[in-house]
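Visitor: Generate a structure from the sequence data that follows.
(3 chains, ligands or ions: 8)
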Amino acid sequence: MSIENKVFSGDTLKVGYRFQRHWDNSMAYAFFCAELGAGLYFVSMLLGSMIGMIAGLVVVSTGKPYFHLAHMGVPGKSWRAMLRPDRSWISRGLWALAGMVAFSVLYLLCLAFGEQFGIRPDSALLWVLQILSGAFTLAVMVYQGFAMSHSSAIAIWSSAIMPMASLLYSLVVGVAVVRVLLPAPQAAALTGSLELLLLGLAVMHLMLLHSGWHGSPGARTSIELLLQTLYAKWFWGAVVAAGIVLPALLLWFAPSSAAVTVIVAVGILAGFMAWRILIFKIGVYEPIMSMNPFRSANT
Amino acid sequence: MARMGMVFDLKACIGCNACVVACKQENSLPDGVFFTKTLSEEYGVFPLAKRVYIPTICNHCEDAPCEKVCPSGATHTREDGIVMVDDDKCIGCNSCAVACPYDQRTQMDAEKFLKGLYGTGEITPFEEQGYGRYTPGTVTKCDFCSQRVDVGLDPACVVTCPTNARIFGDLDDPQSAPSKMIRERHGRQPLPEKNTKPKVYYVN
Amino acid sequence: MATPRKKLEPTANSLKSGRWVASSCKMCLHSCGNLIHVTDDGVINKIEGNPTNPSNNGKLCTKGNTPIMRHYDPARFKQPMRRTNPEKGVGIDPKWEPISWEEAFEITTREIKKSMDEDPRKILPSLEDFQKMNIWAWALSFGNFNFYQSGGTMCGGAYHPINGYIHSAFACANDAKYCNYWINNGTGDGFSSHLHAAAQSNWVAKARTERNMRIVSVEPRLSIGSAKAEEWVPIRPATDRHFALGMSHVLVNEGLCDYQFLKRDTNAPYLVGEDGYFIRDANRQCYMWDLESNSAKLWNDESIGEIALEGNYEIDGKPCRPAFQVYKDILEECTPEAMSEITTVPAETIRRIAREFAKAAQIGATMKLEDGRTVPFRPAAYNYYRGAQGRKTGSQTNHSFKLVNVLIGNIDVPGGHMGVVLDGKEIDLNHCQPGESGMLHPTPHQLGPVPPFDYPPNTYHLMDYFPVGVNPPHFNLLVHENREKFGVQFKPDVIVNCHSNPVWAIQGPREKWFDFLRSMRFIVCVDLIRTEMTDWADIILPSNDVLESWNCTMIEPPHTEGMSFRQPAVPPLYDTKSEEEIFYELSERLGVLAAYNDVVNKTLGFEGHPELMLEPDKKYTDKEIARRKGLLWNGKDIDWYMERGHSVTEKRLDKWYRPWEGNRLHFYIEDFLVHRDDLKQKMEAADVPFRHEWQWDDYQPLPTPVLDPVHNEPPEYDLYAITFKDIQLNFGESLSNPWIKELVYRDPVHTGLLLNPRTAAAKGLKQGSIVKVESPYGKLYGRINTSEGMQPETVGVSNALSRMRSKDSGVLPAGGHFNDMLPYDLRNTDGASGQPETVCKVKLTKLDDWPDFLKEGRTVYDLIEELETAKGKGGQH
Ligand SMILES: Nc1nc2c(c(=O)[nH]1)N[C@H]1C(S)=C(S)[C@@H](COP(=O)(O)OP(=O)(O)OC[C@H]3O[C@@H](n4cnc5c(=O)[nH]c(N)nc54)[C@H](O)[C@@H]3O)O[C@H]1N2
Ligand SMILES: Nc1nc2c(c(=O)[nH]1)N[C@H]1C(S)=C(S)[C@@H](COP(=O)(O)OP(=O)(O)OC[C@H]3O[C@@H](n4cnc5c(=O)[nH]c(N)nc54)[C@H](O)[C@@H]3O)O[C@H]1N2
Ligand code: SF4
Ligand code: SF4
Ligand code: SF4
Ligand code: SF4
Ligand code: SF4
Ligand SMILES: [Mo]
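Guide: Numbers count the residues shown, from 1 in each chain, chains lettered A, B, ... in the order given. Ligands and ions are numbered 1, 2, ... in the order given. Here you go, the predicted structure:
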């Protein structure tokens, strides 16, 4: 059964697949910012790039809340989102975000100005701050994936691949962008890891396609949407070609240069943005109930 | 303790959507917003073609994913099992909307109230007396007409249904009309594989 | 997770502080009981069914849930208005200018009077409120029999006369209380349209779920009823009579009839001579054949031993046959095989359904009623309406369906096929009267008196020549185009329109109807909202709506009797008046007040009740008329009705089951021959020039298998087109109601021209293709929705796809109008009843894009596309 034979009910009274439309593009941008910022911060922290850390932190603390608030129906009450960390990944994420920002700022302040206050670079405090900010950052890097995979409503989201994707993409964009900020030799040293990460990304996408295709009707439908509709060109063009294949080829074959580094980063960012938007767009609800005896077999 | 639920009799339902309008009347819903919808599905090949009418509504799930994901605590379950959204607490994050496998959540955008039911920007006295109950931006859904239930009335959609295809009552009471119907006519829940334990059943 | 309940002011509309008003609905022409909730601030915020009303049992249909949205419609007419733009046309803004009532009445009476003084026939009334027959009959007060409302044409032109003949009733329904085998043929009885959708669907659902009543639906389309049916029998359009004849062939030839009933309760045994008339004695009494004595005996001769239904006999050397034998002879060629070729329904299916039907009828079974009578119990019934009856051969067609019922003896008995009166009061006025020779007095004219024969004609629609029929308003156009040919010596130039949208509802190309309207000097419309018709008005007289007015009636109640009472829930929102006030004012100013009161007395049944009779020179309010109708029904005054909202009870058994007891029903309608020959002779005598074109063959005492002319259109018109209403729609009228509109255009049945996917593929079309649909008479444009629920030769056009743009009305135009494709000529009109053909042959042409006129402004299809692609918050998918 292919996509043409499927009923999409839109906003009509037909039994059929319904598109996820509640999380809009601004939510996709918020996710993008969170993962980009957190990934960049995390990678920069590992590499000790102050500018990368600051850049990551800025992205997380401005872009993410901005787009979240833009999405929120009652922005004035957004603080309430913190109230249920016991069960809601959104709440947990918010705590993670708050933790990341708080500890990272402290960490950065200590790094920058600590010595004036007698905090030595190898002090335990700095070490603890780094661990805490790193841990919260890691949480930010994965929680959105958990927020998506946590519920069973949208089958293509409802899998461990979502947090995995979040983590992988965070790292990939983190490395890609930090390469632009680092001096050339340091950037070049990261080529291998980036290639490895891109390979991981490719594997992740293959897993998603595979498990979706052979998964529940809803997941299958999402993959069909991805591969057989107008989304296909964005998927192949942006996510795969610009976001994985082109950077990988450049990293392998092109002589390293600033321009190449930038192109690689831009390609990866474009691929990531496309992926963030597409994964929202291809999300579908399964038909609430079907009486069609012929349906279950082939949907 | 009561556990309120509903049964849809698919044999009876004629897809008239009177229930939908009754709900819109009772709840002053803006244009394009529905707390219940009766869908239709056509299958088979001529001349053995069939069409069924399938009412849908919030299932007041026992393991309600919408409640689990709600970061603000706005979504909660009453003692009698009715899943409620507290308008004052909801932040409009739509997490519940993407978590509900039945797509039963709607965000009450401010613009919906401004356009008015006639789409002209003119707000009728009917709308004026009713829209105040909503906070623009919040995400809401059917509440089983909880206020009617509190005073012993059936939900508005149930009352109007010309074919009695909507049967409402306490699922914990084995003698209630819905309990009997579920038992005798092998009620099935929508999308059971989503593990939400709906309190809405369908019989054929 | 339990949280304590909050104690808050209720937000649910029905629970807010306020009061409930017991009233009745009018979102279709029926009259279900409702309760209207009004808040302390005087806002109407909820309407529910009235559970004390045993008709609708507290239920309301889709439309019945929406009066609030008509009441508060900002586009309602808010005060009288005068047109300032002399140019008239569709979509052309009349540039309304508010005027005072005084001025409006003055202009209106001046303009009407101008014509009335010259020739009262120059006035064309179009008054179609079924709930207010007192307004409907207004023009009779100046002897005017013109008729421009649609009632009759697309509706029940032949249906009502045949019901009048058989049951002496207006309409029919199956008895859902006991029926077990229910055939619906081209009707939504119990599912979508037909009578009291809310009430009847409640009864039918109970029968289906509690008794497993079997439904067989014979229709070209998988309608709601077909979808719910145990068996859907797709049929080629306009061949339903042949299906019924095929069934009858089986019933008659396999001995599956209720012979007792036929012999005792019908004229089936009456002996028919070669000329088709009954053989009569000098006193005009009819004969039957006594098999015992082998001789003819008068119908009331008590010495008759065994009545013959079959056989060929002779009286005084003249051959004769019982009417039943006449039918049997006709049916000989109507084998299931032969009928299968015409209907496309397999012969085996016709045969099986006939057998199942007869079996379910339990012929011979009886039931003891609570009133002590023992009556036949026949829990099988065949109902039909607009889709099946709307034929050029309407009289024969309706008769053929009726006879399927008559053959199994289910007429007006428990579980059977029941006569239903127009207004409840008729029940009490004893709607069944004895006629000649033991037969029931036939009442083909259910809508009041008809004009006597005259030539030149006195009506613009030739009603002078329909001694049997309802009214063929489409002939207004036929005559208009050729007055000379029809010898019409006057030309109407004023239209008085109330509660009617003829320019939408009647067949024939709109463009020609527009010319017709342009030829009018003055048009006044009494309406609430903008419609295709009000766009042509010169003066608008706005009326109160159903929530602001008084009335007392009961329209076509399937199971109940009594009055549905309407009372204002709130005072009028705007400067509007009741229809009564408007027509009394007009009558007084035109000097016909006394005559009008006389007409109302007759129409509403006040005549013969001195205490209720309206006085000649007084004007009455809607409230007073409602009060008197309540009194007429049960002697209860208005306070009683205001408290209860109705006096509805289940039908009294003597009026429901066999109300004609003791009279024989018209199996054989000799009356058609009587009227035919009388009319022929009068036309001959008056030398009526078009008499040779008159469709004399349509006068048949029994149905025949003749083909309707629609099947003989040129072969390039290779498909049929049909139209339908469904439960959400009141014709197309309710589409200005936002609650209806948002549902209808989400329902795949109403969002495209329905076509079987294989037919579509064969024509290179698919889901979404834009097409031109052309009949020999007109065309429309649309988008294909493929559906396996369509008979492969049929295109289905919902009424929701036939509206026109009218300024500020909120109604979206689609691609034209189904009615444009229908003929309005003599050839396609039943000469006996005036019923025109309501399906047409069409051809489809694929288009690359919409024609230009549909690209301007927003159409139905723009809305549908938005909904189908669901631009949600997340943007378009
Ligand atoms: N909801 C609702 N109820 C109504 C009304 C309304 O407007 N809305 N109007 C009232 C009035 S005035 C009337 S006259 C009645 C009419 O009541 P119905 O006769 O039930 O009304 P329709 O829906 O016009 O026609 C019935 C069916 O005929 C089918 N049909 C069309 N052509 C053919 C054909 O050639 N053969 C067969 N077998 N079927 C065909 C159509 O698909 C349609 O489903 O309803 C009354 N009740
Ligand atoms: N294509 C197509 N044509 C059809 C039919 C069909 O199914 N399809 N059905 C046919 C049948 S069965 C019939 S009976 C006719 C019906 O034809 P009409 O009787 O002309 O029916 P409506 O279109 O409902 O028009 C009724 C008018 O009354 C107005 N109105 C509503 N409420 C009130 C009120 O309280 N007071 C006043 N003064 N006005 C009011 C409405 O605005 C509307 O203009 O159409 C026939 N024509
Ligand atoms: S009102 Fe009843 S019959 Fe009509 S759609 Fe709703 S559930 Fe079905
Ligand atoms: S149906 Fe959806 S909204 Fe309703 S309780 Fe279940 S998950 Fe929540
Ligand atoms: S939109 Fe409101 S109810 Fe839904 S999850 Fe967010 S806060 Fe909770
Ligand atoms: S139970 Fe009440 S709120 Fe829910 S769909 Fe029915 S009428 Fe609407
Ligand atoms: S059937 Fe007619 S009268 Fe009855 S509720 Fe529906 S619209 Fe009103
Ligand atoms: Mo009608």
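
Visitor: Flag the shaky bits of the stretch 51-200 of chain C, pLDDT-wise.
Guide: Along the stretch 51-200 of chain C, segments meeting pLDDT under 70 span C:152.

Visitor: Point me to the residue of it nearest ligand 6.
Guide: Residue nearest to ligand 6 within the stretch 51-200 of chain C: residue C:65 (10.9 Å; CB to the nearest ligand atom). C-beta: built from backbone N, CA, C; applies to glycine.

Visitor: How about chain C?
Guide: Closest residue of chain C to ligand 6, CB to the nearest ligand atom: residue C:12 (8.0 Å).

Visitor: Tell me, what's the model's pLDDT at that residue?
Guide: Per-residue pLDDT puts residue C:12 at 96.

Visitor: OK, contacts around it?
Guide: By CB atoms under 8 Å, 6 or more residues apart in numbering or on different chains, residue C:12 lies in contact with B:26, B:27, B:145, B:147, B:148, B:156.

Visitor: ok, now how distant is it from ligand 4?
Guide: Separation of residue C:12 from ligand 4 (CB to the nearest ligand atom, to the nearest Å): 18 Å.

Visitor: Which residue lies closest in space to that residue, excluding its sequence neighbours?
Guide: Among residues not flanking residue C:12 along the chain, residue B:147 sits closest, at 4.5 Å (CB to CB, 6 or more residues apart in numbering or on different chains).

Visitor: Kindly confirm my reading that the one you found forms part of a helix.
Guide: Yes: membership of residue B:147 in a helix is supported by DSSP: H, G, I helix; E, B strand; the rest coil.

Visitor: burial of it, as a residue count?
Guide: Neighbour count for residue B:147, taken as other CB atoms under 10 Å in any protein chain shown: 20.

Visitor: One more: residue C:468?
Guide: Neighbours around residue C:468, by other CB under 10 Å: 28.

Visitor: which residues sit in contact with residue 138?
Guide: Picked chain A for this. Contact analysis of residue A:138 by CB under 8 Å, 6+ apart lists A:38, A:42.

Visitor: Not quite, go with chain B.
Guide: Contact analysis of residue B:138 by CB under 8 Å, 6+ apart lists A:73, A:74, B:74, B:85, B:87, B:90, B:91, B:92, B:107, B:108.

Visitor: Can you lay out those residues as TSV showing pLDDT?
Guide: As requested, the contacts of residue B:138 are exported to TSV (pLDDT from 0 to 100):
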residue	pLDDT
A:73	92
A:74	93
B:74	97
B:85	97
B:87	93
B:90	97
B:91	96
B:92	96
B:107	95
B:108	95
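
Visitor: and those as JSON lines, adding neighbour count and distance to residue C:578?
Guide: JSON lines is the format used below for the contacts of residue B:138 (neighbours: other CB atoms under 10 Å in any protein chain shown; distance: CB to CB, whole Å):
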{"residue": "A:73", "neighbour count": "21", "distance to residue C:578": "46"}
{"residue": "A:74", "neighbour count": "21", "distance to residue C:578": "48"}
{"residue": "B:74", "neighbour count": "27", "distance to residue C:578": "49"}
{"residue": "B:85", "neighbour count": "22", "distance to residue C:578": "45"}
{"residue": "B:87", "neighbour count": "16", "distance to residue C:578": "42"}
{"residue": "B:90", "neighbour count": "25", "distance to residue C:578": "47"}
{"residue": "B:91", "neighbour count": "25", "distance to residue C:578": "51"}
{"residue": "B:92", "neighbour count": "24", "distance to residue C:578": "47"}
{"residue": "B:107", "neighbour count": "22", "distance to residue C:578": "44"}
{"residue": "B:108", "neighbour count": "23", "distance to residue C:578": "39"}
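
Visitor: Tabulate these (CSV), appending secondary structure.
Guide: Shown next, in CSV, are the contacts of residue B:138 (three-state DSSP):
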residue, secondary structure
A:73, coil
A:74, coil
B:74, coil
B:85, strand
B:87, coil
B:90, coil
B:91, coil
B:92, coil
B:107, strand
B:108, coil
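
Visitor: Would you map the helices across the stretch 551-700 of chain C?
Guide: Remark: helices assigned in the stretch 551-700 of chain C by DSSP state H, counting those that start in this stretch are C:579-590, C:593-604, C:622-634, C:638-644, C:653-656, C:670-686.

Visitor: can you tell me if the first one touches ligand 2.
Guide: Yes: with CB under 6 Å from any ligand atom as the criterion, ligand 2 is reached by helix C:579-590 at residue C:579.

Visitor: what about that helix, average pLDDT?
Guide: The pLDDT scores in helix C:579-590 average 98.

Visitor: CA atoms of that helix as PDB?
Guide: Output of helix C:579-590 as PDB, limited to C-alpha atoms (Å, rounded to 0.1, in the frame of the first residue of the first chain):
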ATOM      1  CA  GLU C 579     -45.900  36.900   8.800                       C
ATOM      2  CA  GLU C 580     -49.500  37.200  10.100                       C
ATOM      3  CA  GLU C 581     -49.100  40.800  10.900                       C
ATOM      4  CA  ILE C 582     -47.600  41.500   7.500                       C
ATOM      5  CA  PHE C 583     -50.300  39.700   5.500                       C
ATOM      6  CA  TYR C 584     -53.100  41.100   7.600                       C
ATOM      7  CA  GLU C 585     -51.800  44.600   7.000                       C
ATOM      8  CA  LEU C 586     -51.400  44.000   3.300                       C
ATOM      9  CA  SER C 587     -54.900  42.400   3.200                       C
ATOM     10  CA  GLU C 588     -56.500  45.400   4.900                       C
ATOM     11  CA  ARG C 589     -54.700  47.900   2.700                       C
ATOM     12  CA  LEU C 590     -55.600  45.900  -0.400                       C
END
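
Visitor: contacting residues around the helix or strand harbouring residue C:341?
Guide: Taking DSSP states H and E as the criterion, residue C:341 maps to helix C:336-343. Contacts of helix C:336-343 with the rest of the structure, by CB under 8 Å, 6+ apart, involve C:235-236, C:239-240, C:242-243, C:245-246, C:249-250, C:345-348, C:350-351, C:354, C:705, C:707.

Visitor: buried residues in that helix?
Guide: For helix C:336-343, a neighbour-count test (16 or more other CB atoms under 10 Å in any protein chain shown) marks C:336, C:338, C:339, C:340, C:342, C:343 as buried.

Visitor: elements contacting the helix or strand of chain C with the lowest mean pLDDT?
Guide: When the helices and strands of chain C are scored by mean pLDDT, DSSP states H and E, helix C:425-428 comes last with a mean of 77. With contacts taken as 3 or more CB pairs under 8 Å, 6 or more residues apart in numbering or on different chains; DSSP states H and E, helix C:425-428 sits against helix C:622-634.

Visitor: Can you list the neighbours in contact with the helix it packs on?
Guide: Applying CB under 8 Å, 6+ apart, the external contacts of helix C:622-634 come out as C:134, C:424-425, C:428, C:544, C:549-553, C:562-563, C:565-567, C:578-581, C:600, C:604-606, C:609, C:611-612, C:614, C:636-638, C:640-641, C:647.
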